[in-house]
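Model the structure of this input:
(one chain, ligands or ions: 1)
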Amino acid sequence: MKSIKVGLLGFGTIGTGVVRVFQRNAELMAKRIGQSVELVKIADLDITSDRGVTLPQGVLTTDVEEVISNPEVDVVVELIGGYEPAKSFILKAIANGKHIVTANKALMAVHGQEIISAANKNGVQVMFEAAVGGGIPIISAIKENLCANRFSTVLGILNGTCNYILTKMTDEGSDFAPVLKEAQELGYAEADPTFDVEGVDTAHKIALLAALCFGTRVDFDQVYTEGVSNIAAIDIQFATQMGYKIKLLAIGKSNGEQIEVRVHPTMIPKSYQLSEVDGVFNAVRLSGDFLGPAMLYGSGAGMDATASAVMGDVMAIGRDMASGAKGRTPIMAYCADQVGELPIKQMSDIVSHYYLRFTTVDRPGVLAQISGILGKYDISIQSMIQPERHEADAVPIVLMTHDAKESNINQALAEIDQLEIVQQPTRLIRVENSLD
Ligand code: HSE
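Residues are numbered from 1 along each chain as shown. Take a look at the predicted model:
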């Protein structure tokens, strides 16, 4: 039986998961792809810590060249994360004719073009299923099974850490900080958790999904990104009262000429399937013109689920190598010369319903002043909550708007927040309730 030889860069959480797959399922993998899959080298700076797995003598090395320049290695699996040195190692491995499998969403979202051009030039494959949605096979679904569809939307809950935090805050009324700590201890969070909680990790992922679905380059710097660190318990309570859940939603939309790619806390009706995606789970909902809507759901982070995605990519490359099918599937789902440059809609141009929480003094005429300004900017109110006053100096007034343009909302809030009756900056949360 022939064999496909794998070298690993990075022996952290996911790297350990990959070793676990080899240990438990090597035979099964061989049965499925008709050749054995062998882990020949793992390079990491730390080769002494106990990861709870055993490896044959000589597999571990601190010398990265033993992976990226090893003539024996067919596929280099990059699990270091971050931009450098991961990027340089990948480029060198590509120059050496290695296929690449990576879980590195930051690198692919920001420097993907450089890596993909190098791979196309050298006739090697780059696969990154593990970069988005952990174990959920969303990228291969877009690239393979659903590739006859024109996609109009792709949206999802793509960060397990944020979803875990929001779920706990919703279910238990917990505070943000201790829940973040728990998520870190469970191994879900990035090394730098600000990437999780400030939405950057989610933005990397939706930039990749939007590019794959809509056949366009996505300039990561233009992806609007807002995280969950400012979500207050009171907003979760009001959302619940109004029949919504707050999720960190990654949103990609296309009308064929312009795309939306954005990440922000979003209120979604409790009746939506997406609102039931709780804890560390992720889900992606996409709409194709022939498929209609579909949702993929599963473990979005963690050692084993992510390792499952990594090894799926390794096996796909193994199959292509065995059949001699070089470049069978374009790296970004469209043939390289067919990838477009659709502009990303400015946030000021998006149209949405908005949840607005004003903090005001409680006296006659307050509501009239606020609604007057909203009316001036063509913002129509759908519903309102004003809880009974409990001797507080400042009281919340919560309004839900009909569809409004974000530039109008911004102008109205700038004016409202200048009013003498307004005690704190108004809180805005976008609402997604028009899924196609
Ligand atoms: N930190 C990420 C998360 C891991 O919490 O979802 C998977 O990308």
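
so how far is I331 from the closest residue in space to M303 that isn't next to it in sequence?
Counting by Cβ to Cβ, 6 or more residues apart in numbering, the nearest residue to M303 once its immediate chain neighbours are dropped is G17, at 3.8 Å. Heads up, the C-betas are built off the backbone N, CA and C, glycines and all. Note on G17: its distance to I331, by Cβ to Cβ, to the nearest Å, is 24 Å.

re the thing from before, buried set for the host helix or strand of the residue nearest to M303?
Per DSSP states H and E: G17 is located in helix 13-33. The neighbour-count criterion (16 or more other Cβ atoms under 10 Å) identifies 13-22, 29-30, 33 as the buried residues of helix 13-33.

Check the model's average confidence along that helix for me.
This predicted structure assigns helix 13-33 an average pLDDT of 96.

Just name whatever secondary elements that helix is in contact with.
For helix 13-33, the helices and strands in contact under the criterion 3 or more Cβ pairs under 8 Å, 6 or more residues apart in numbering; DSSP states H and E are strand 3-9, strand 36-43, helix 303-323.

Export the buried residues of helix 13-33 as a markdown table, with columns for distance to the ligand.
Supplementary listing: the buried residues of helix 13-33 in a markdown table, determined by distance: Cβ to the nearest ligand atom, whole Å:
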| residue | distance to the ligand |
| --- | --- |
| T13 | 9 |
| I14 | 9 |
| G15 | 14 |
| T16 | 15 |
| G17 | 12 |
| V18 | 15 |
| V19 | 19 |
| R20 | 17 |
| V21 | 17 |
| F22 | 21 |
| M29 | 23 |
| A30 | 28 |
| I33 | 26 |
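
on that earlier part again, got the contact list for the helix holding G17?
Under the contact criterion Cβ atoms under 8 Å, 6 or more residues apart in numbering, helix 13-33 has outside partners 1, 4, 8, 11, 36-37, 39, 42, 44, 51-53, 55, 77, 79, 103, 130, 187, 302-304, 306-308, 310-311, 315, 318-319, 322.

could you redo the last one with a cut-off of 7 Å?
Identification of contacts with helix 13-33 by Cβ atoms under 7 Å, 6 or more residues apart in numbering yields 1, 8, 36-37, 39, 42, 51, 53, 55, 77, 79, 103, 187, 303-304, 306-308, 310-311, 315, 318-319, 322.

Quick one, which of these are buried?
Buried positions within the contacts of helix 13-33, assessed by neighbour count (16+ other Cβ under 10 Å), are 8, 36-37, 39, 42, 51, 77, 79, 103, 303-304, 306-308, 310-311, 315, 318.

can you list the residues of the protein near the ligand?
Applying Cβ under 6 Å from any ligand atom, we find that the chain lies next to the ligand at 134, 159-161, 188-190, 196, 201, 300-301.

Next step: those restricted to helices.
The members of these that map onto helices under DSSP state H are 160-161, 196, 201.

where in the stretch 151-300 of the chain is pLDDT low?
Residue ranges of the stretch 151-300 of the chain with pLDDT under 70: none are present.

how far away is the residue sitting furthest away from the middle of the chain from the ligand?
The outermost residue of the chain, judged by C-alpha distance from the chain's mean C-alpha position using Cα atoms, centre = their mean, is P364 at 45.5 Å. Here P364 is placed at a distance of 48 Å from the ligand (Cβ to the nearest ligand atom, to the nearest Å).

cool, D393 as well?
According to Cβ to the nearest ligand atom, D393 stands 39 Å off from the ligand.

those helices in the stretch 51-200 of the chain, which residues are they?
In order along the chain, the stretch 51-200 of the chain carries the following helices (DSSP state H, counting those that start in this stretch): 65-68, 86-95, 105-122, 138-140, 160-172, 176-185, 194-197, 200-214.

Who are the packing partners of the last one?
So that's helix 200-214. On a contact count with 3 or more Cβ pairs under 7 Å, 6 or more residues apart in numbering; DSSP states H and E, helix 200-214 meets helix 105-122, strand 151-157, strand 244-254, strand 259-269.

tell me the angle it makes with strand 259-269.
Note on geometry: by axes from the mean of the first three to the mean of the last three Cα atoms, to 10 degrees, helix 200-214 and strand 259-269 are set 120 degrees apart in direction.

could you say what helices and strands the helix or strand following helix 200-214 packs with?
Tracing the chain C-terminally past helix 200-214 and defining elements by DSSP H and E, one meets strand 224-225 next. For strand 224-225, the packing partners by 3+ Cβ pairs under 7 Å, 6+ apart come out as strand 259-269.

Please give me every residue in contact with S229.
Contacts here follow Cβ under 7 Å, 6+ apart; on that basis S229 touches 176, 197-198.

Considering only the stretch 251-400 of the chain, name the residue that lies closest to the ligand.
A301 (3.6 Å; Cβ to the nearest ligand atom).

Now that residue: closest residue in space that isn't a chain neighbour?
What sits nearest to A301 in space, not counting adjacent residues and going by Cβ to Cβ, 6+ apart, is G160, at 3.6 Å.

That neighbour touches G187, doesn't it?
No. Using Cβ atoms under 7 Å as the test, G160 is too far from G187 to be in contact (9.8 Å).

just to revisit the earlier point, any idea how far the residue nearest to M303 lies from V110?
24 Å.

on that earlier part again, quickly find the element holding the residue farthest from the centre of the chain.
P364 belongs to no helix or strand, assigned by DSSP H and E.
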